[in-house]
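Trainee: just coords:
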């Protein structure tokens, strides 16, 4: 084999052969992300196994008297996996994220379905109304629920005024207020991929099902739902993954009973100043979201790519 | 599924989506210290925030960072989108695509924490950078460019490649092809990517909290610290202004975009008609 062919075979050498234009198209964003995204995560990984005292940490390797010492401290991870509070926090993060995903699906599926079956002339307007809240500050939208659910908030005031209740119902700083905030924030992430999927469905399939004697309800379960599986999976991922690591919603609407891992990481860092511990929490958190992602990717590969997204 | 159920489901859904925003706006005009008890109509909270240096400075800083972030995100995101769509195989393509998509799914507490620790390490080694606009910008841009890449990538994928090939056949150099053919075709997606990353940056609070220094408090940080303490009428006034600006901005842009779309369609059909006449003659 001559050299030219060998170079053709080797992808790395081929990359070096690219002209400067192509090289910078690939290289510039790549380098940016490596410097400002991957390297920083490696720092976290390193710090999570370093001997540290608050914000000061030792190097992993030291060179004394001709001997290279490598010290890897696993006690943070051992603590994370045995401490009841941390185990409880992980469990409760996954629990709230799951509840959120299920409720978003229950509300969002019919919503996306009716949107997709509405007359084509009003669909763009309906779609715009779903995405418009996206553009306004998410922080402010979460804060708005404080005003609605507070002990002296709008809902309690209305109920008291109507003499339906005598004392305000405790809604803020409970699992209820946090779940409402999460569903409110994430339901558009469920609706949009589902809508994109459902609007493309071939309606003749439903006619065929009807001709073959299926009731509308049966046709819905046996035809529409299976065909929208990709949209369901995509929407659930878009809701579940960010809600596991949520910080703002538990901070503003949650309470002592709503432990969330993102908030624990924040406190570990800002209140306890324990950088090594915060790093270990971050690494385990990545593990927590990596699992559904791997399953999602495998699913996508099996079904030949989710067309709903 | 009957249409009555459909309509009421949609209506209930939209009420759920808009009720909090509407109450925010209504109570920003409330003349009472108790945020949720109506005490008459007033504009006084707008006067209060206009003289609140913390809010005004935070707003100016947030706007600066959002401008820098949106511009950098669009440039980097466009390069990344081109690399993904046009170069089907190059060394490290899989890692490259993982790098582009990862910032979309990694929780912001992690992005913020890791960048901060990285910058602290750099500061110990090289004495820079100090926490401030630059560090916040770097965090926002690594998230923003991922969004920009997704938006521009989907436009590039549906673009007709034969137009570029035609330009090349007619003797355009690669840069001319990009400037004269590709760019006009994807300019809408670039606009929407710019707006999207601008609002993401303007709104970001979690990674900003990690990356901001003592002198660099953005508007969302001010809002978060007030919202934590409870209800605050000045937050409602800020919210109302934000909603107004966003509504006007999004409406204006979508009108502009649909006009562009119509103009392009008209131009295309005119070109097609002319072409047909030439063929017939």
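Mentor: Nice, thanks for sending it over. This is a predicted model, so every value here is computed, not measured.

Trainee: ok, and the closest residue to residue B:207 other than its chain neighbours, which helix or strand is that part of?
Mentor: Spatial nearest neighbour of residue B:207, excluding adjacent residues (CB to CB, 6 or more residues apart in numbering or on different chains): residue B:112 at 3.6 Å. (C-beta placed from N, C-alpha, C; glycine too.) Element membership of residue B:112, judged by DSSP states H and E, is helix B:108-126.

Trainee: starting at the chain centroid, how far to that helix?
Mentor: 24 Å (CA atoms, centre = their mean, to the nearest Å).

Trainee: is chain A contacted by the helix or strand following it?
Mentor: Scanning forward in sequence from helix B:108-126 by DSSP H and E, the next helix or strand is helix B:133-158. Yes: Helix B:133-158 is in contact with chain A by CB under 8 Å from any CB of the partner chain, via B:138-139, B:141-142, B:145, B:149.

Trainee: ok so, going back, can you give me the buried ones in the helix holding residue B:112?
Mentor: B:108-122 (16 or more other CB atoms under 10 Å in any protein chain shown).

Trainee: what inclination does it have with respect to helix B:133-158?
Mentor: With axes from the mean of the first three to the mean of the last three CA atoms, to 10 degrees defining the directions, helix B:108-126 sits at 130 degrees from helix B:133-158.

Trainee: Who are the packing partners of helix B:108-126?
Mentor: helix A:39-48, helix A:261-270, helix A:275-302, helix B:133-158, helix B:206-211 (3 or more CB pairs under 8 Å, 6 or more residues apart in numbering or on different chains; DSSP states H and E).

Trainee: Go through these and pick out the most buried.
Mentor: helix B:206-211 (a mean of 25; mean count of other CB atoms under 10 Å in any protein chain shown).

Trainee: Just the residues contacting it, thanks.
Mentor: A:247-248, A:269-270, B:108-109, B:111-113, B:115-116, B:119, B:131, B:135-136, B:138-140, B:143, B:218, B:220-221, B:224 (CB atoms under 8 Å, 6 or more residues apart in numbering or on different chains).

Trainee: Can I get the helices and strands packed on helix B:108-126 in JSON lines including distance to residue A:120 and mean pLDDT?
Mentor: Output for these, formatted as JSON lines (distance: least, CB to CB, whole Å; pLDDT from 0 to 100):
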{"stretch": "helix A:39-48", "distance to residue A:120": "45", "mean pLDDT": "88"}
{"stretch": "helix A:261-270", "distance to residue A:120": "41", "mean pLDDT": "88"}
{"stretch": "helix A:275-302", "distance to residue A:120": "29", "mean pLDDT": "81"}
{"stretch": "helix B:133-158", "distance to residue A:120": "20", "mean pLDDT": "91"}
{"stretch": "helix B:206-211", "distance to residue A:120": "39", "mean pLDDT": "92"}
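
Trainee: May I see the ones you listed organised as JSON lines, with distance to residue A:101 added?
Mentor: Below are the helices and strands packed on helix B:108-126 laid out as JSON lines (distance: least, CB to CB, whole Å):
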{"stretch": "helix A:39-48", "distance to residue A:101": "26"}
{"stretch": "helix A:261-270", "distance to residue A:101": "16"}
{"stretch": "helix A:275-302", "distance to residue A:101": "10"}
{"stretch": "helix B:133-158", "distance to residue A:101": "21"}
{"stretch": "helix B:206-211", "distance to residue A:101": "21"}
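
Trainee: Residue in chain A with the shortest distance to chain B?
Mentor: residue A:245 (2.4 Å; CB to the nearest CB).

Trainee: That residue touches residue B:108, doesn't it?
Mentor: Yes: Residue A:245 is within contact range of residue B:108, at 7.2 Å (criterion: CB atoms under 8 Å).

Trainee: about what we covered before: any idea how far residue A:235 is from the closest residue to the residue of chain A closest to chain B other than its chain neighbours?
Mentor: In this structure, residue A:245 finds its nearest non-sequential neighbour in residue B:107, 2.4 Å apart by CB to CB, 6+ apart. Separation of residue B:107 from residue A:235 (CB to CB, to the nearest Å) stands at 18 Å.

Trainee: Tell me which of these two has more neighbours.
Mentor: residue A:235 (31 against 25; other CB atoms under 10 Å in any protein chain shown).

Trainee: next SSE after the helix or strand where the more buried one lies?
Mentor: In this assignment (DSSP H and E), residue A:235 forms part of helix A:229-244. Sequence-wise, the next helix or strand downstream of helix A:229-244 (DSSP H and E) is helix A:248-253.

Trainee: helices or strands up against that following helix?
Mentor: Against helix A:248-253 (3+ CB pairs under 8 Å, 6+ apart) you get helix A:138-149, helix A:175-198, helix A:261-270, helix B:219-229.

Trainee: can you tell which of the ones you listed is closest to residue B:40?
Mentor: helix A:138-149 (17.6 Å; CB to CB).

Trainee: For the helix or strand just after the closest one, what does the pLDDT average out to?
Mentor: The first helix or strand that comes after helix A:138-149 along the chain, using DSSP H and E, is helix A:154-161. Taken as a whole, helix A:154-161 carries a mean pLDDT of 84.

Trainee: Please identify the buried residues of helix A:154-161?
Mentor: Quick answer for helix A:154-161 (16+ other CB under 10 Å): A:154-157.

Trainee: So residue B:107 versus residue B:237, what's the distance?
Mentor: 31 Å.

Trainee: Which residues lie in contact with the nearest residue to residue A:227 once chain neighbours are set aside in this structure?
Mentor: Nearest non-adjacent residue to residue A:227, counting by CB to CB, 6+ apart: residue A:201, 5.7 Å away. Counting by CB under 8 Å, 6+ apart, residue A:201 touches A:116, A:224, A:227-228.

Trainee: Report the buried members of these.
Mentor: A:116, A:224, A:227-228.

Trainee: Backbone dihedrals for residue B:30, both of them.
Mentor: Note on residue B:30: backbone dihedrals following degrees, to the nearest 10 are phi -90, psi 120.

Trainee: For it, name its beta-bridge partners.
Mentor: Note on residue B:30: beta-bridge partners residue B:41, judged by DSSP bridges.

Trainee: hang on, isn't it packed against residue B:38?
Mentor: Yes: here residue B:30 lies in contact with residue B:38, judged by CB under 8 Å, at a distance of 5.9 Å.

Trainee: higher neighbour count, these two?
Mentor: Neighbour tally, residue B:30 and residue B:38, criterion other CB under 10 Å: the higher count belongs to residue B:30, 20 against 14.
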